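*Asks:* what would the 3D arrangement of this be:
(chains A, B, C and D)
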Number of protein chains: 2
Amino acid sequence: MKIKLATWNINSVRLRLDQVLRFLEEEQPHILGLQEIKCQEEQFPFAPFREAGYEFIEVAGQKGYHGAATLSKLPMERLPTTFCPLGHARHVSTRVIAKGKDCDQDFEFHNFYIPAGGDVADPEINDKFQHKLDFLAAMNAYFSERFSKGDDQQVLVGDFNIAPHENDVWSHKQLLKVVSHTPLEVELLAKLQATHDFTDTARLLHDDTEKLYSWWSYRARDVMASNRGRRLDHIWVSPTLKSCVESQGKSGYKIHVPCRIWEKPSDHVPITQIMELRD
Amino acid sequence: MKIKLATWNINSVRLRLDQVLRFLEEEQPHILGLQEIKCQEEQFPFAPFREAGYEFIEVAGQKGYHGAATLSKLPMERLPTTFCPLGHARHVSTRVIAKGKDCDQDFEFHNFYIPAGGDVADPEINDKFQHKLDFLAAMNAYFSERFSKGDDQQVLVGDFNIAPHENDVWSHKQLLKVVSHTPLEVELLAKLQATHDFTDTARLLHDDTEKLYSWWSYRARDVMASNRGRRLDHIWVSPTLKSCVESQGKSGYKIHVPCRIWEKPSDHVPITQIMELRD
DNA sequence: GACTTATCCG
DNA sequence: CGGATAAGTC
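*Replies:* From the prediction side, this is the model:
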């Protein structure tokens, strides 16, 4: 069966509930990871998502900031995690049960909101950057443990707050010292990826020379016109799932750019990836 | 010529600019007094009102609270006033020049935002109620001075924050101790009216037994369904203008109730009064 | 630039 | 309830 995966930093799920519902209606992903829901679990709008067909919902919320939630049409169960070094709500892990006529599998869906990291790309003088690096190290350790348990079928999605490739930013040179594209964080993300042999589905299916962005700042009038974006949002898969993504070709991966010009948009747009699971 | 007068407590003119423009487009009053514009003069949206045909604009603004503005299609000049005992921006006075083929007159247009008066109807323990009473006294003195100067053709509009008659509130009995309908403030308003022989156009044209409301609280879900309103907004005219209003009959006065159920409405609705000026 | 929480005010 | 301000975050 074909599974459609999605991720979106929504920058307040309460304020943009209608936009998420529109996206779900139009794209019908099986599973969506939301980041920056900016609410506590008790404030999360469960009912409208359930009415839209997303029966399975897992939320990690906190007051005012951060927070992640995973919505799914497919049954899933929560995988407990105590994760962020500072105790923020930045990770929702679930095991998704994908049963179809030619399919009886499950996979893990890890929904992450990696810390932005503040302004200065120096962990010595910027605690937030240090936190980002610590978080990446914690991710690495976390997946080492999961693999050691034999959990080898994994999807990682989320706002990683890192644009790793030269063509994941509008200007490699001008962003080399800007947090999100500095060598140190990019290397740490590359190390996490290499250690577990995760596949970045965007770059699996798109040539490295192609510019890909999923985020455009609020802080300029003409960011969309000048297209000064960054690819901060990612979908990664573990080795056993690589071929399931590769088989879909270029069109299996999609950045939903028009969402950035909807009324009162998030600064991020959703991305989707189709993955073919067979038994 | 027939002059259409209007007043509206807009509760933030910046937030409800589109609603004011819609009202002006639909009703085409010659002159509109706005209260609670909640902005400074430099933040006031002059341009869109001028584009809508309201070339003459006078604003008394302050930061965050209160504030009044008068918009007019007819030429008008500002009458300087230092008014509120606490220095709030609660009054815009202008002399309006009404020149038509059968008309060459002018009249004063006084746009007021009388203090709400706080919660407790006791000036001894509630400074805000004292301020309301002081403001009414200041209004009385102000008009005594104007009449002594021979300025006898006057229109007063605004949010008076007082519902004087029994049928200006949904329950006379239940509101007798609620600020806006207490005997003390009602008497002071009646005294202001009697001293200068002002005519309350709503009650000139509508029987005292008729319920009339221009305001419904935000603080209850069903205020419109249960119709628990109050008539806090008024249009008064001086003796020489009484017949100009009376000649228009009941339909000359209108409370624009549907505005209360527009999207994100003010808690007040606009009211309009037609007045026939002849030379 | 645009979210959150909070406090003030009506 | 729903404006405005102010501070904090991204």
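
*Asks:* wait, what's in contact with A:Cys86?
*Replies:* Quick fix: residue A:86 reads Leu, not Cys. A:Leu86 sits next to A:His131 when contact means CB atoms under 8 Å, 6 or more residues apart in numbering or on different chains. Glycine gets a C-beta too; all of them are placed from N, C-alpha and C.

*Asks:* repeat the analysis, applying 10 Å as the threshold.
*Replies:* Counting by CB atoms under 10 Å, 6 or more residues apart in numbering or on different chains, A:Leu86 makes contact with A:66, A:115, A:127-128, A:131, A:134-135.

*Asks:* look up the pLDDT of it for me, please.
*Replies:* Looking at A:Leu86, its pLDDT is 84.

*Asks:* cool, and A:Asn11?
*Replies:* Per-residue pLDDT puts A:Asn11 at 96.

*Asks:* one step back: near DNA strand D, from the contacts of A:Leu86?
*Replies:* The residues of the contacts of A:Leu86 that also fall near DNA strand D, by CB under 7 Å from any atom of the strand, are A:66, A:115, A:128.

*Asks:* picking up where we left off before, now, of the contacts of A:Leu86, which are buried?
*Replies:* For those, a burial check counting by 16 or more other CB atoms under 10 Å in any protein chain shown picks out A:66, A:115, A:131, A:134-135.

*Asks:* give me the low-pLDDT residue ranges for chain A?
*Replies:* By pLDDT under 70, chain A has no low-scoring segment.

*Asks:* could you pull out the strands for it?
*Replies:* A:2-9, A:31-35, A:56-60, A:68-72, A:76-79, A:91-100, A:103-113, A:154-159, A:199-200, A:215-216, A:229-230, A:233-237, A:253-255, A:271-276 (DSSP state E).

*Asks:* list just the one of the ones you listed that sits closest to B:Gln154.
*Replies:* Between B:Gln154 and these, the tightest spacing by CB to CB is seen for strand A:215-216, at 55.8 Å.

*Asks:* pull out the buried positions in stretch A:220-227.
*Replies:* A:Val223.

*Asks:* same question but for stretch A:198-211, I mixed them up
*Replies:* Across stretch A:198-211, burial judged by 16+ other CB under 10 Å covers A:198-206.

*Asks:* how about TSV for the residues you listed, with distance to A:Val157 added?
*Replies:* Output for those, formatted as TSV (distance: CB to CB, whole Å):
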residue	distance to A:Val157
A:Phe198	11
A:Thr199	13
A:Asp200	11
A:Thr201	10
A:Ala202	11
A:Arg203	15
A:Leu204	15
A:Leu205	15
A:His206	17
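
*Asks:* from the ones next to DNA strand D among the contacts of A:Leu86, which ones fall inside helices?
*Replies:* Using DSSP state H, A:Lys128 are the members of the ones next to DNA strand D among the contacts of A:Leu86 that sit in helices.

*Asks:* out of the ones next to DNA strand D among the contacts of A:Leu86, who's nearest DNA strand D?
*Replies:* Nearest to DNA strand D out of the ones next to DNA strand D among the contacts of A:Leu86 is A:Lys128 (CB to the nearest atom of the strand; 5.5 Å).

*Asks:* for the strands of chain A, which one ends up most surrounded?
*Replies:* strand A:31-35 (a mean of 29; mean count of other CB atoms under 10 Å in any protein chain shown).

*Asks:* for A:Ser266, see how far away A:Gln19 is.
*Replies:* From A:Gln19 over to A:Ser266 the distance is 7 Å, taken as CB to CB, to the nearest Å.

*Asks:* what about these two, which has more around it?
*Replies:* Per other CB atoms under 10 Å in any protein chain shown, whichever of A:Gln19 and A:Ser266 has more neighbours is A:Ser266, with 24 against 19.

*Asks:* give me every residue that touches the more buried one.
*Replies:* Applying CB under 10 Å, 6+ apart to A:Ser266 gives the contacts A:8-13, A:15-16, A:19-20, A:34-36, A:215, A:218, A:259-260.

*Asks:* any residues in contact with both of A:Gln19 and A:Ser266?
*Replies:* When contacts are counted by CB under 10 Å, 6+ apart, A:Gln19 and A:Ser266 are jointly contacted by A:8, A:10, A:13, A:259.
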